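S.K.: got a structure for you, letters missing:
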């Protein structure tokens, strides 16, 4: 069975600072993808960034980057230059070959002015 | 491109009543998911369709939940009879079938309150 763990239920960061959200996962598959989704109060989940398990290079999307450690099964999200609009729930997700997305419990991030 | 449409946005029912939720995925997306998100938790898969066939319904409480995707397009999720513990947000998502890296696109969800 695939599982995703996010050990930080809540975090806060000052505007313009950097914050890192943690995620660990477990899977017996070799071929999988990892995703970070953002869920603002409007409830609509939005993709932030994705990482292929076969790629050693960490994915980057503007202010968002990941630190993917395959052996440790760790997939953390770094948000640089935090903005008030980054305030949301963040979910780490694992997609296995069966195309199902397995989500972690989420981290509530508050960006403070 | 239109996104994933869900209705209604909110629903309040009494326990033992029935309720139905509707989802229209992004045009051309073969895969459709229904997730249950209990307050403070991550989404949990209820059922996954590929076109009009069920791929995974292992976590669907089949004694009270049912879902269908007629003609492989829009989908309906039904609860009958509802229990208090069914209070949650029900999220519908869709994705194309191209590969593992394709993201799931989510609707805004239906918040169900069972009283």
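M.R.: Cool, the structure landed. What you see is a predicted model, and the numbers here were worked out from it, not measured in a lab.

S.K.: make it CA atoms for all contacts and neighbour counts henceforth
M.R.: OK.

S.K.: Next up, the contacts around the residue nearest the centre of chain A.
M.R.: Nearest to the mean C-alpha position of chain A, counting by Cα atoms, centre = their mean, stands residue A:36 at 3.4 Å. By Cα atoms under 8 Å, 6 or more residues apart in numbering or on different chains, the residues touching residue A:36 are A:47, A:48, A:49, A:50, A:77, A:90, A:91, A:92, A:93.

S.K.: pLDDT score for the second one?
M.R.: What it means is residue A:48. With respect to pLDDT, residue A:48 scores 97.

S.K.: what's the neighbour count on it?
M.R.: Neighbour count for residue A:48, taken as other Cα atoms under 10 Å in any protein chain shown: 18.

S.K.: Please report how far it lies from chain B.
M.R.: Residue A:48 sits at a distance of 10 Å from chain B (criterion: Cα to the nearest Cα, to the nearest Å).

S.K.: any idea which helix or strand carries that residue?
M.R.: Residue A:48 belongs to strand A:46-52 when assigned by DSSP states H and E.

S.K.: Direction included, what does that strand pair against?
M.R.: strand A:33-39 (antiparallel) (DSSP bridges).

S.K.: pull the helix or strand with minimum mean pLDDT from chain B.
M.R.: Lowest by mean pLDDT, DSSP states H and E among the helices and strands of chain B is strand B:53-56, with a mean of 92.

S.K.: List the buried residues of that strand.
M.R.: Residues of strand B:53-56 classed as buried under the neighbour-count rule (16 or more other Cα atoms under 10 Å in any protein chain shown) are B:54, B:55, B:56.

S.K.: Which one of those is nearest to residue A:102?
M.R.: residue B:56 (12.6 Å; Cα to Cα).

S.K.: residues in contact with that closest one?
M.R.: Residue B:56 neighbours (Cα under 8 Å, 6+ apart): B:47, B:48, B:49.

S.K.: which of the residues you listed tops the neighbour count?
M.R.: residue B:48 (26 neighbours).

S.K.: Could you find the closest non-adjacent residue to that residue?
M.R.: Nearest residue to residue B:48, sequence neighbours excluded (Cα to Cα, 6 or more residues apart in numbering or on different chains): residue B:33, at 4.5 Å.

S.K.: before we move on, back to that, mind listing residues that contact whichever helix or strand comes after the strand holding residue A:48?
M.R.: Once strand A:46-52 ends, the next helix or strand along the chain (criterion: DSSP H and E) is strand A:60-61. With contacts defined as Cα under 8 Å, 6+ apart, strand A:60-61 is touched by A:48, A:49, A:66.

S.K.: what residues are up against the first one?
M.R.: Pointing back at residue A:48 there. Taking Cα under 8 Å, 6+ apart, one finds A:35, A:36, A:37, A:38, A:61, A:64 in contact with residue A:48.
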